[in-house]
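*Asks:* I'd like to go over a predicted model; first the sequence, then the structure.
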Amino acid sequence: MTELPRYEYVKLADAIAAEIASGKLPQGAALPGERAMTDLYRVSIGTVRRAVVELRKRGLVATLPAKGTYVIGLPEPAGDAPEESEPNA
């Protein structure tokens with residue numbers, strides 16, 4: 001089966017999440033402004049805005065009005081979803 005193409009904003013959110021995971025953007029660090037990210041990642045401002053919304057949904061960043069967007073969490077490792085334990089008999 002062929003993998004479906006991903007939206008550009010998801011690709012950007014994944015790239016920023018990878019920078020957070022690697023420590024390039026540590027907890028408490030401010031993300032660049034929207035205009036700076038359009039130049040840095042070569043995407044439209046709409047793509048940047050949707051990527052930031054996606055990162056907020058993932059719990060990785062928080063946006064403070066008139067202050068900026070800051071890293072507040074780390075991405076969960078892939079495949080490490082909590083498993084239900086079997087009840088003890």
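*Replies:* On my side now, so go ahead.
*Asks:* do you know the pLDDT at the spatially most central residue of the chain?
*Replies:* Geometric centre of the chain, nearest residue: residue 55, 3.5 Å, by Cα atoms, centre = their mean. Residue 55 is assigned 97 on the pLDDT scale.
*Asks:* surely it is within a helix?
*Replies:* Yes: secondary structure of residue 55 (DSSP: H, G, I helix; E, B strand; the rest coil): part of a helix.
*Asks:* residue 66: how many residues sit nearby?
*Replies:* By the criterion of other Cβ atoms under 10 Å, residue 66 has 4 neighbours. Backbone N, C-alpha and C define where each C-beta goes, glycine included.
*Asks:* what ranges of the chain fall below the confidence cut-off?
*Replies:* Residues of the chain meeting the criterion pLDDT under 70: 1-2, 78-89.
*Asks:* so which elements touch the lengthiest helix in the chain?
*Replies:* Criterion DSSP state H: the longest helix present in the chain is helix 8-22. If you count contacts as 3 or more Cβ pairs under 8 Å, 6 or more residues apart in numbering; DSSP states H and E, helix 8-22 packs onto helix 45-57.
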